[in-house]
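>>> requesting a structural model of the entry that follows:
(chains A and B)
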2 protein chains.
Amino acid sequence: MSGSGTDRSKPVVTAAAPVIILVEPQLAENIGMAARAMANFGLTELRLVAPRDGWPSSGKGLKKGATQAASGATWVLDNARLFATAAEAIADLNMVFATTARERGQRKRVLTPAEAVPDISPRIAQGQRIGILFGRERTGLENDEISLADAILTFPVNPAFASLNLAQAVLLVGYEWHKHQTSDRVPFAAVEPELPATREGIVSLFDYLEQELDFAGFFPPNKRPIMARNLRDMLHRLAMSEQELRTLRGAFTALAQGRKRRVKPAQDDTPQGA
Amino acid sequence: MSGSGTDRSKPVVTAAAPVIILVEPQLAENIGMAARAMANFGLTELRLVAPRDGWPSSGKGLKKGATQAASGATWVLDNARLFATAAEAIADLNMVFATTARERGQRKRVLTPAEAVPDISPRIAQGQRIGILFGRERTGLENDEISLADAILTFPVNPAFASLNLAQAVLLVGYEWHKHQTSDRVPFAAVEPELPATREGIVSLFDYLEQELDFAGFFPPNKRPIMARNLRDMLHRLAMSEQELRTLRGAFTALAQGRKRRVKPAQDDTPQGA
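From the prediction side, this is the model:
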């Protein structure tokens, strides 16, 4: 799927959206893949709390690896802000969610992304700033960090194998966010025929087909009416365009003429071969 | 999030689900991450069409790297079936979707995962076998492969940055599938109080708090009734459990007694210091 859907004529939209906060991320690839996931779904604001290996402004080290994994979502990484603690990273926000994969004993609302987004979306439209905390790759968020949050965000996964990685979790939040903002609109439309074929053309096709099938002895005695109706039903279901009608008529004609031609040469050949 | 939510006491469910077909995948990591994504959402059947670097039954090479990236979803990889062409890989299926990131000029229905799953789900419940084709990392599916499909599956992404990788695309299909099967049920429940505190305890807390605030001169003249009601409203919103009631009563008492104690020693100390 890589990049092949990107339309570079479209502006990078930076509408208000949730802030993604990665707490002590360890792997450059996860930071980069998280940025890539964000960019796919119109999230632009990334905050990093004490990345294990630092975040040099020079773009070296962890940042270099992250940029490689981001597959072009460099503006997300370039604008990422660095904080020393989760508390500092959420200080200016109005509401915070903490992602966890298991129950943590804190009495907070537990929401899925699909449940949280309809709650978050009107708040952000009002100007509230909402952040989502994601924990360390191996150990997640600490209980004191979860305690900073208004609610828990978790994912409807298979209890026997609940192992989303960091970037996958960010992806699912971004996906539900963007789906809600765009009403699940696909990025391109189905190919629709410019015009459905005229009914005259369709009926003419039916007549031609049935005439050729009569000629070929296709219909068993007394079955013609029901079988012809079944064929018409099938062909109606195609909802053909004019172009498709011409293609199909041409195919039927080729079958019929080809058969006639195949039959004719054989007859013609008989005297020669005899 | 890694693995921390997996409950090993839960059986690995292998209910009927869509078949994931990766056409000529190149990178071991993507195959492994796709398997991991599948396992998170209860998908178990993976088919590989001509992986670039082969798929040795010995578990070496591409398969070794995929297993490392699968983070424990080895049963998905171990049961993966190998095919030479996409046509062979879909031969036994009843319905096929082709994922594409852009319009391909073929007149087929275009659905998002959220739209496709409610269509797929009852078919699978009836016993139909449904597969989803995913293309090569760089170039996607070829037009002739898309032509094998009944419908197009695509993702509601940001048109200015549409760059889901292979495993991310598999993840979103699995996510919507599992969400639909489980009605978006979270894998753990919110922590609910065993019992809300009795009303007697709550009213006693209110009375105690207001008495101490009276003692401390907190209420401005004539404002006591409205301010007391506002405090009661706030505390009611907590929907306290018995335990939380005890904690809060203890905290209020400590504040009041601590203040009294701080005041008292200072008075007691005066004669000593004088």
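
>>> which secondary structure element of chain A has the lowest mean pLDDT?
Lowest mean confidence among the helices and strands of chain A (mean pLDDT, DSSP states H and E): helix A:242-273, at a mean of 71.

>>> hey, what's A:V23 bridged with?
Assessed by DSSP bridges, A:V23 has beta-bridge partners A:V49.

>>> what pLDDT does the model give it?
Looking at A:V23, its pLDDT is 97.

>>> correct me, but it touches A:E137?
No. Under the criterion of CB atoms under 8 Å, A:V23 makes no contact with A:E137, lying 10.4 Å away. Heads up, the C-betas are built off the backbone N, CA and C, glycines and all.

>>> tell me which of the two has more neighbours.
Remark: of A:V23 and A:E137, A:V23 carries more neighbours, 23 against 20, as counted by other CB atoms under 10 Å in any protein chain shown.

>>> from B:L209, how far off is that one?
Separation of A:V23 from B:L209 (CB to CB, to the nearest Å): 36 Å.

>>> can you check A:E45 too?
Per CB to CB, A:E45 is found 41 Å from B:L209.

>>> more neighbours: which of these two?
Shown here are A:E45 and B:L209; by other CB under 10 Å, B:L209 has more neighbours (21 against 18).

>>> look up which helix or strand that one falls in, please.
In this structure, B:L209 sits in helix B:199-215 according to DSSP states H and E.

>>> output that helix as PDB, nothing but the C-alphas.
Extracted C-alpha coordinates of helix B:199-215, given in PDB (Å, rounded to 0.1, in the frame of the first residue of the first chain):
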ATOM      1  CA  ARG B 199     -26.400   7.700  51.700                       C
ATOM      2  CA  GLU B 200     -26.100   7.900  55.500                       C
ATOM      3  CA  GLY B 201     -22.300   7.900  55.100                       C
ATOM      4  CA  ILE B 202     -22.400  10.500  52.400                       C
ATOM      5  CA  VAL B 203     -24.700  12.900  54.300                       C
ATOM      6  CA  SER B 204     -22.500  12.400  57.400                       C
ATOM      7  CA  LEU B 205     -19.400  13.400  55.300                       C
ATOM      8  CA  PHE B 206     -21.200  16.500  54.100                       C
ATOM      9  CA  ASP B 207     -22.200  17.500  57.600                       C
ATOM     10  CA  TYR B 208     -18.700  16.900  58.900                       C
ATOM     11  CA  LEU B 209     -17.100  18.900  56.100                       C
ATOM     12  CA  GLU B 210     -19.500  21.900  56.500                       C
ATOM     13  CA  GLN B 211     -19.000  21.900  60.300                       C
ATOM     14  CA  GLU B 212     -15.200  22.000  59.900                       C
ATOM     15  CA  LEU B 213     -15.500  24.700  57.200                       C
ATOM     16  CA  ASP B 214     -17.800  26.700  59.600                       C
ATOM     17  CA  PHE B 215     -15.100  26.400  62.200                       C
END
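
>>> name the helices or strands packed onto it?
helix B:224-237, helix B:242-273 (3 or more CB pairs under 8 Å, 6 or more residues apart in numbering or on different chains; DSSP states H and E).

>>> okay, angle between that helix and helix B:224-237 too, please.
Per axes from the mean of the first three to the mean of the last three CA atoms, to 10 degrees, the angle that helix B:199-215 makes with helix B:224-237 is 140 degrees.

>>> average pLDDT across helix B:199-215?
The average of the pLDDT scores along helix B:199-215 is 92.

>>> touching it from outside, list them.
The contact list for helix B:199-215, computed with CB atoms under 8 Å, 6 or more residues apart in numbering or on different chains, reads B:219, B:224, B:228, B:231-232, B:235-236, B:240, B:242, B:245, B:248-249, B:252-253, B:255-256.

>>> mind listing what's buried in that helix?
Buried positions in helix B:199-215, judged by neighbour count with 16 or more other CB atoms under 10 Å in any protein chain shown: B:I202, B:L205, B:F206, B:L209, B:E210, B:E212, B:L213.

>>> of those, which is the nearest to chain A?
Checking the buried residues of helix B:199-215 against chain A with CB to the nearest CB, the nearest one is B:I202 at 16.6 Å.

>>> wait, what's in contact with A:L141?
Residues in contact with A:L141 (CB under 8 Å, 6+ apart) are A:V23, A:A86, A:A98, A:T99, A:T100, A:L133, A:F134, A:G135.

>>> ok, 7 Å please
Applying CB atoms under 7 Å, 6 or more residues apart in numbering or on different chains to A:L141 gives the contacts A:V23, A:A98, A:T100, A:L133, A:G135.

>>> how close does the first one sit to A:R136?
A:V23 sits 6 Å away from A:R136, going by CB to CB.

>>> what about the helices in chain A?
Ranges of helices in chain A, per DSSP state H, are A:28-40, A:61-69, A:74-78, A:86-89, A:113-125, A:143-146, A:166-181, A:199-215, A:224-236, A:242-273.

>>> JSON lines please, covering these and showing distance to B:F161.
What follows is these, written out as JSON lines (distance: least, CB to CB, whole Å):
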{"stretch": "helix A:28-40", "distance to B:F161": "4"}
{"stretch": "helix A:61-69", "distance to B:F161": "14"}
{"stretch": "helix A:74-78", "distance to B:F161": "9"}
{"stretch": "helix A:86-89", "distance to B:F161": "24"}
{"stretch": "helix A:113-125", "distance to B:F161": "19"}
{"stretch": "helix A:143-146", "distance to B:F161": "30"}
{"stretch": "helix A:166-181", "distance to B:F161": "11"}
{"stretch": "helix A:199-215", "distance to B:F161": "43"}
{"stretch": "helix A:224-236", "distance to B:F161": "42"}
{"stretch": "helix A:242-273", "distance to B:F161": "34"}
